[in-house]
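Novice: What shape does this take:
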Amino acid sequence: MIGNITFNNYKNIQNKQNPTFSGKSFVRVKLFDETFLVPKAVANVRRSVKYVFAEDNNNCYMSNAVNLRDKMFLGIAHFYDCLKKVSEITIGKIYKNKKETNCSVNIVKKNIKNKKLDLGIFNIEVPKKGQFAKSTPIKIAEAPPQKGETVYIVGYHSDFKEPKTIPATYKGLSKTSIANNEEYGASAEYLEITSDILKNRVNPTCLSGAAIVNKKGELIGIQGKGMLTYGKSDGTLFGISIDTVKKYFKEVNISI
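Specialist: Numbering: from 1, shown residues only. Modelled structure (predicted):
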């Protein structure tokens, strides 16, 4: 579910704009032809999500990664499928000596991945006198949402000019999603969510790795798969649950 995008689209996603604040608790967000309010805590999650980008000859590949803490980002393992001839990837931007530049990581030596759970850890190194541009570690939810609860997907897509906040409805846990018949994600537990605003509008491809959060802006999952109808989203998406994320970190002996 990785996006194969053009260089022009990649340039567009760097043209970020801040949403308009509508009060202390809510932020007004526009997506496609709709404008709606989201909790401020959710809108702030955009600073915890970075685009992941790699080049291979004339191809560009994009995904998302979520800032867990300091120099550690959580992404999806199937991004690596596109990178057999790529030695470095870029995760967001850093400021070095007051100038903005890409932050690259070696994909062989500094990352961990688990195909069966479709999760990967990106350990990055920030140069001296450098820091991430507006990057805030995300909060981890202690419990899953209730069925029918509104949740949000926060991330980049090649069709967007900036990170977007996308409302959705939580349908419940699923272990029999489309991903279970594939090499990646066969052992993951999934959050099944539906988003009317995405239906028939975009290919959910580049949303892989985006954060799925509750109304408090707490991470409840990572976007993994989406259902397609004629190349567009049918509104149904499957996110890797926070319990799967916690299982993964226990396996690699890292506390979150």
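Novice: Tell me which residues of stretch 31-41 come out buried.
Specialist: Applying a neighbour-count criterion of 16 or more other CB atoms under 10 Å, one finds Val38, Pro39, Lys40, Ala41 buried in stretch 31-41. The way it works is simple: take the backbone N, C-alpha and C, and place the C-beta from them, glycine included.
Novice: One more: stretch 144-162?
Specialist: Of all the residues in stretch 144-162, those buried under the rule 16+ other CB under 10 Å are Pro144, Pro145, Val151, Tyr152, Ile153, Val154, Gly155, Tyr156, His157, Ser158, Asp159, Phe160.
Novice: mind checking pLDDT for the fourth one?
Specialist: Among the per-residue scores, Tyr152 holds a pLDDT of 97.
Novice: Narrow the buried residues of stretch 31-41 to those in helices?
Specialist: When these are checked against helices (DSSP state H), the matches are Lys40, Ala41.
Novice: Which single one of the buried residues of stretch 31-41 is nearest to Ser25?
Specialist: Lys40 (5.7 Å; CB to CB).
Novice: re the thing from before, quick one: which of the buried residues of stretch 144-162 is nearest Ile242?
Specialist: The shortest gap between Ile242 and any of those belongs to Pro144, at 6.8 Å (CB to CB).
Novice: That closest one is in what secondary structure piece?
Specialist: In this structure, Pro144 is located outside every helix and strand according to DSSP states H and E.
Novice: Could you name the specific helix or strand carrying the nearest residue to it once chain neighbours are set aside?
Specialist: Nearest in space to Pro144, with sequence neighbours left out and distances taken as CB to CB, 6 or more residues apart in numbering, is Ile220 at 6.0 Å. With elements taken from DSSP H and E, the one containing Ile220 is strand 218-229.
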